[in-house]
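Colleague: Sequence and predicted structure, then a few things I'm wondering about:
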Amino acid sequence: MASNQQTSKSLWGHAWDSLVSDKLTVVCMSIVFFYALVALLSATGLIVSDWSKEVGPSYAPPSSEYLFGLDIFGRSVFAKTVKATEIAMSVGLVTGILTVIIGVTLGSISGYYGGKIDEFLVWFYTTVSSVPYIMLLISIAFIVGKGILAVYLSLGLTSWTGLFRLIRGEFIRHKDREYVQAATAIGGGDFRKIFKHILPNVFHIVIINFSLQFQFAIKSEVILSYLGLGVQGVPSWGTMINDAKLELARGNWWQLAAATAAMLVVVLAFNILGDALRDALDPKLKGK
Amino acid sequence: MKKISILVAIFTVLGLMTTSCTKKEMTKGKTLSLAVSSQVKGMDPIYANDRYSSNEVARVYEGLLQYHYLKRPYTLVPNLAESMPKVSDDGLTYTFKIKKGVVFQDDAAFPEGKGRELTAEDFVYSIKRLADPKLQGLGWWLLDNKIVGLNEWRKKYAELDKVDYSEEVEGLKSLDRYTLQFKLAKPFPQFLYALAMPFTFAVAKEVVDKYGKEFLNHPVGTGPFRIKDGVFKQTKKIVYEKSPSFREKKYPCEASEKFKNDGLLEDCGKTLPLVDRLVVNIIEEDQPRWLNFQKGKVEYVSVPKDNFDTVIPDAKNLSPEYKDKGIVLMVSPSLDVTYTAFNNDLDLFKKNTKLRQAMSLAYDIDKANKLFYNNQAIPAQSVVPPGIAGHIENYTNPYRGNGSAEQLEKAKKLLAEAGYPEGKGLPEITYDCPSNTVSRQIGEYFKKQMAKIGISIKVIQNPWPELQKKITTRNVMTYGIAWGADYPDAENFLQLLYGPNRAPGANGSGYDNPELNRLFKVASVMQDSPERTALYEKMNRIAAEEVPWIYGVHRQNFTLRHSWLKNYISSDFEAGIGQYLNIDKKKKKEMLKKL
């Protein structure tokens, strides 16, 4: 019996195996892990807490002394890039979590109960998805003031609609399946059926969506900060690119290069990871 | 019979020649292309309260007076007025004679679409329009409490449903078709300057009545240019054409000494405007504007801060690369001041002169000058810029920071005396600025400077209209902004610190100092005299030492122009300059190849 237990693997076990079997995916996972670590260290103040310090002359080019060069105030572009990683990752994480909470709760309620509730929620999500997040951001910024909180809220409150749609669809598909009927037969309540029975079966969608949402939020944060609507007073890849817009005329390419490279790597890693997760987790793609 | 046929033939040929000529003119006439850096709100004189809108208004509309194009110091000369006004002995009654035969541009609003003659009544109407309580013209501050009966008129109709323009105002009358009389309620030495500002330019009642709210986009004036197709479409490109009904106005033949030798008088006596078309391109970002200039698509441009080092390597002369292309550099100081204002409504700043002084001392202006103005601006010691009476030569503000260690020590000491040793006990101070890149960088610089003495600053970026709203509603702690002169008189700068002028008036910082107020009240009704200058200087000194703002710099304009653009000189009052500019088409064709 013991040997039998070893060979039998859960869905998650299989998924993990398929993930680590691909070298590219492993690289991407390590990159994401590395970014997360950097963000964590920076958030706890263990590294680059002195990013705003003047370390040399204004606009010094990259050299062995100044790794990525210096900006207008003689601050290290490297330190700014690292500090901005913290902002980007935190926006990705918070937005991702907000999206999951709202999308999953509303999606499962809507799909499971159907009827008037479903009609209302579908109307609601159509309305929300027609609001551009920049508009919402501007109005939220009026209430809570400009800054990272407004970015979290505006991105989180607008981007749950995609996940909502998927979860609702899956719930409609699953709620009449035999295992759910069996659960009903042995006296399972709605709450138990939703969270104990159906949700675990559709959770892979949440994970895939989360990783794609993560990189979307990072990109959006960069765009918002570039436009001056995002974080204020702390470095962001967006504000760095905005600075570079003018500096390029002087031939200063390093700030642009550092910010775009940092962003490119993490967004690409998340995208590839998202694809790999889908391949590993989606039962429909099994064996292909 | 034969004679007639020959004549007919000759006329036909002549006719053909002239038509072909005009056709050629149409396609080949001179076109002047300009670039401006901000959106234009509209073309109604009473709403033109920013530099960009008022410049566009002044291409189509005209006022009684204007600044002489080629004279410095700035000198007022008649424009639609026949001559300078007759002023009564008490200095309160101004009588203008208006030029005869000036007509409005053709428009469907007039009978048969033909523009009618301008009369004194049009000015009465236009100025009442500025005072109209229903329209809320943005230039009302200019004439508020200045003209006999106008405030009463405004007040009366603010409560009634309809404004009656036919009710006569004692201080604003047309005595006959061409005579206009103003009676002032009290001496107002800057009154004539007000008549050269686009707020008081002449509009026609018929046009306002016909277009109603849309009048904003239907400019019909007496000026040298009219907008193509008659409608301003709020686009990024505004095309004007020479107004065919523009009166005979000549290019000036006199100039100040410094303008005499630059070929600026070559067009002396020629009929204005000198070009057939004027195209205004609205390009908000520095780099596209700069690239357009390099391609020869824009006649002149001011040098963007980030291109400064390549274009003017030694900060004085143009680099040979540009010189070879015939490009000319023009440097001129501008009548302005940049500053970081404190909201003096807040007890934090109001009661704490030492805090303000400490912050001013901690702000290193020399470094800011290097970073943001290529070290070419003049650090401001107080509010009045050099070049106008009231500015004190060689005066150094004792609270002007320059980054030296001893000043930093002094700043820290003052901060401690203010009750906040090393910044302890101070709340986080917000700093509001416009949302463009350079303004944000200036904000970050301010933050860094204050951090040196332990004060923490939060920089907040705002779109330009929102920032203005925040300032008027007093929703700011500190903010960065600049003021450019409306007219060459220190009064225009000192009024920014006059208590009763507080926001929504021009005094956005809400600074209120009884001594300064008293002096201002005395000086504001005095004619130009050494006594008035002495009073201005006294106020300027108070403004320096009390530090209601952290003073920034007085900027310098570095303008590049192409070789084919003639007659261009930079001016602090750009209203109407388009008509004087000329293009050397042959040279343009030749030089374009080199670009």
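Modeller: Cool, the structure landed.
Colleague: give me the low-pLDDT residue ranges for the stretch 101-250 of chain A?
Modeller: Counting by pLDDT under 70, the stretch 101-250 of chain A shows no low-confidence range.
Colleague: got a list of contacts for the helix or strand that contains residue B:544?
Modeller: Assigning secondary structure by DSSP states H and E places residue B:544 in helix B:530-546. Residues from elsewhere that reach helix B:530-546 (C-beta atoms under 8 Å, 6 or more residues apart in numbering or on different chains): B:353, B:356, B:381-384, B:389-392, B:395, B:397-400, B:490-491, B:494, B:497, B:511, B:513, B:515-516, B:519-520, B:522-523, B:526, B:551. Bear in mind the C-beta positions are built from the backbone N, C-alpha and C, glycine included.
Colleague: Kindly report the residues of the stretch 1-150 of chain B close to chain A.
Modeller: Counting by C-beta under 8 Å from any C-beta of the partner chain, the stretch 1-150 of chain B comes close to chain A at no residue.
Colleague: OK, contacts around residue B:467?
Modeller: By C-beta under 8 Å, 6+ apart, the contact list for residue B:467 reads B:432-434, B:479, B:481.
Colleague: and it, that's in a strand?
Modeller: No. Assignment of residue B:467 by DSSP: H, G, I helix; E, B strand; the rest coil gives helix, placing it outside any strand.
Colleague: Distance check, it against chain A.
Modeller: In this view, residue B:467 and chain A are 12 Å apart by C-beta to the nearest C-beta, to the nearest Å.
Colleague: pLDDT wise, what is that residue at?
Modeller: Per-residue confidence (pLDDT) for residue B:467: 85.
Colleague: Same question for the one 3 residues further on.
Modeller: The confidence metric pLDDT takes the value 88 at residue B:470.
Colleague: Return the residues of chain A in contact with chain B.
Modeller: Proximity of chain A to chain B (C-beta under 8 Å from any C-beta) is limited to residues A:52, A:54, A:58, A:72-73, A:145-146, A:227-228, A:232-233, A:239, A:242-243, A:245-250.
Colleague: quick one: which of these sit in helices?
Modeller: Assigned to helices by DSSP state H, the following of the residues of chain A next to chain B qualify: A:239, A:242-243, A:245-247.
Colleague: ranges for the helices of the stretch 151-300 of chain B?
Modeller: B:191-194, B:205-211, B:286-294 (DSSP state H, counting those that start in this stretch).
Colleague: Just put the ones you listed in JSON lines and tack on mean pLDDT and distance to chain A.
Modeller: As requested, the helices of the stretch 151-300 of chain B are exported to JSON lines (pLDDT from 0 to 100; distance: least, C-beta to the nearest C-beta, whole Å):
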{"stretch": "helix B:191-194", "mean pLDDT": "92", "distance to chain A": "36"}
{"stretch": "helix B:205-211", "mean pLDDT": "92", "distance to chain A": "32"}
{"stretch": "helix B:286-294", "mean pLDDT": "89", "distance to chain A": "6"}
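Colleague: For residue B:231, find the nearest of the ones you listed.
Modeller: Among those, helix B:205-211 comes nearest to residue B:231, with 9.7 Å by C-beta to C-beta.
Colleague: Any buried residues in the closest one, and which?
Modeller: Residues of helix B:205-211 classed as buried: B:206-208, B:210-211 (neighbour count, 16 or more other C-beta atoms under 10 Å in any protein chain shown).
Colleague: tell me, how many neighbours does residue A:43 end up with?
Modeller: Residue A:43 is flanked by 15 other residues according to other C-beta atoms under 10 Å in any protein chain shown.
Colleague: and if you look at residue A:248?
Modeller: Residue A:248, neighbours per other C-beta under 10 Å, totals 14.
Colleague: Phi, psi for the residue nearest to it when sequence neighbours are not counted please.
Modeller: Of all residues not flanking residue A:248 in the chain, residue A:256 sits nearest, at 6.7 Å (C-beta to C-beta, 6 or more residues apart in numbering or on different chains). Dihedral pair for residue A:256: phi -60, psi -50, per degrees, to the nearest 10.
Colleague: so who does residue A:256 touch?
Modeller: For residue A:256, the contact set (C-beta under 8 Å, 6+ apart) comprises A:240-241, A:244, A:247-248.
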